[in-house]
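Enquirer: quick check, what structure comes out for this input:
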Amino acid sequence: MIDQMGRWYPDYPGQQPQQDPQFMRMMGLTGHGQNSQNTQAMTPPTIHAEIIQYGSEDEVDRYPMAAGASQMFVSRDESTFIVKTMHQGGQFDKDYYDKRPPAPPAPKLNPAEYVRKDELQALLSAALNDRGGDQHEPF
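Expert: Alright, predicted model coming up:
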């Protein structure tokens, strides 16, 4: 049987949709092997997640939960997220997710800031001469 909303209900226990002529007509299926596919767009599932704001980790630890449940918490300054997962016997795990500032851009290479290999000997000699030529004392 097909109701007003287009949903199929069995006429008797154990009836399969393919056994109902009304269902077969609605689906456009015939008994001649000419199966047409019902092309309906799939909608992505909607996920509803409740996030609880906390002031201290003690509040998260004391928050009552059932075994096997998980709950997400966010700090008042929104810098840290915690996912608490409750286990049997009152044990629980907490996973921390820190909100980090964006990484600074990598510094650009400026060749003028580095000493070339051929300049190294001249710079070391000049530094030793400035110290009075005593080569046995460390810099």
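Enquirer: quick one: the helices in the chain, in order.
Expert: For the chain, helices defined by DSSP state H occupy the ranges 21-27, 57-62, 117-130.
Enquirer: got a markdown table for those helices, with mean neighbour count and mean pLDDT too?
Expert: From N, CA and C alone the C-beta is placed, and that goes for glycine too. Listed next are the helices of the chain as a markdown table, based on neighbours: other Cβ atoms under 10 Å; pLDDT from 0 to 100:
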| stretch | mean neighbour count | mean pLDDT |
| --- | --- | --- |
| helix 21-27 | 14 | 77 |
| helix 57-62 | 12 | 94 |
| helix 117-130 | 10 | 88 |
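Enquirer: so which residue is dead centre in the protein?
Expert: Tyr97 (10.0 Å; Cα atoms, centre = their mean).
Enquirer: any idea how far Val83 is from that residue?
Expert: 7 Å (Cβ to Cβ, to the nearest Å).
Enquirer: what do you get for Tyr96?
Expert: Counting by Cβ to Cβ - Tyr96 and Val83 are separated by 8 Å.
Enquirer: can you name the residues that contact Lys99?
Expert: Listed by Cβ atoms under 8 Å, 6 or more residues apart in numbering, the contact set of Lys99 reads Glu78, Ser79, Thr80, Phe81.
Enquirer: in PDB, could you pull the C-alpha coordinates for the helix or strand of the chain with the lowest mean pLDDT?
Expert: None of the helices or strands of the chain scores lower by mean pLDDT, DSSP states H and E than helix 21-27, at a mean of 77. The C-alpha coordinates for helix 21-27 follow below in PDB (Å, rounded to 0.1, in the frame of the first residue of the first chain):
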ATOM      1  CA  PRO A  21       1.300  -3.900  -7.800                       C
ATOM      2  CA  GLN A  22       0.600  -0.400  -6.500                       C
ATOM      3  CA  PHE A  23       4.300   0.100  -5.500                       C
ATOM      4  CA  MET A  24       5.500  -1.300  -8.800                       C
ATOM      5  CA  ARG A  25       3.200   1.100 -10.800                       C
ATOM      6  CA  MET A  26       4.400   4.100  -8.600                       C
ATOM      7  CA  MET A  27       8.000   3.300  -9.200                       C
END
